[in-house]
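Asker: Model the structure of this input:
(one chain, ligands or ions: 1)
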Amino acid sequence: MGFKMKGSYHYLIGTVVFSILWLLIDEIKFTMIFIPIALSLFPDTDLKLNSHRNFLFHSIILWVVVLMYNPSLIMALICLSVGIHLLFDITLNPSAWKGFYTLKLVGNKPFFIFSRNGRGLWTTLWLLINFIISVVIVVIILWK
Ligand SMILES: [Zn+2]
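Answerer: Have a look, this model is predicted:
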């Protein structure tokens, strides 16, 4: 699958998920879902830096920092948008847990330097945990 195709796939998932959330959750207004949908592909801009999957782009860290300074539902939804991208980047087939799949520090340098054979598994856990935290953030902001 080429990256063009993969990109539209992330947009499609983002559009479907945020449309459902808008329909189900009163606090989420129609105008709040455009920016999160538009940022569905943000993590893959690391391709332009030749550092795919860069740990900062393929995490919600940057967005959590912005959220801390600008606590709002829309920022929480942006965290969720990136979190959903990360969730759908997960492959459950361990034989695919190498190369492009694994998290990078800078350029092509691996992020999980402590684990030569476990990088794929650590990457899968990283992507999953980031998604879970993004869901928790939205729940917390909605309940406040
Ligand atoms: Zn990605």
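Asker: tell me what the helix or strand of the chain with the lowest mean pLDDT is packed against?
Answerer: Lowest by mean pLDDT, DSSP states H and E among the helices and strands of the chain is helix 3-24, with a mean of 89. For helix 3-24, the packing partners by 3 or more Cβ pairs under 8 Å, 6 or more residues apart in numbering; DSSP states H and E come out as helix 34-38, helix 73-89. Glycine gets a C-beta too; all of them are placed from N, C-alpha and C.
Asker: Let's test this: mean pLDDT of the first one, rounded?
Answerer: The one in question is helix 34-38. Per-residue pLDDT values across helix 34-38 average out to 98.
Asker: Please save the CA atoms from that helix in CSV.
Answerer: Output in CSV follows, covering the C-alpha atoms of helix 34-38 (Å, rounded to 0.1, in the frame of the first residue of the first chain):
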residue,chain,number,x,y,z
PHE,A,34,-12.7,20.0,11.4
ILE,A,35,-9.3,20.7,12.9
PRO,A,36,-9.0,17.2,14.5
ILE,A,37,-10.0,15.6,11.2
ALA,A,38,-7.5,17.8,9.3
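Asker: for that helix, which positions count as buried?
Answerer: 36-37 (16 or more other Cβ atoms under 10 Å).
Asker: what's the answer for stretch 121-132, then?
Answerer: In stretch 121-132, counting by 16+ other Cβ under 10 Å, buried: 122-124, 126-127, 130-131.
Asker: The ion contacts on the protein?
Answerer: Residues of the chain found near the ion (Cβ under 5 Å from the ion) are 43-44, 89.
Asker: For the residues you listed, give me TSV that also has pLDDT.
Answerer: What follows is the residues of the chain next to the ion, written out as TSV (pLDDT from 0 to 100):
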residue	pLDDT
Pro43	97
Asp44	96
Asp89	96
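Asker: Low-confidence stretches in this structure?
Answerer: 1-5 (pLDDT under 70).
Asker: returning to what we had before: from the buried residues of stretch 121-132, which land in helices?
Answerer: Within the buried residues of stretch 121-132, residues falling in helices by DSSP state H are 122-124, 126-127, 130-131.
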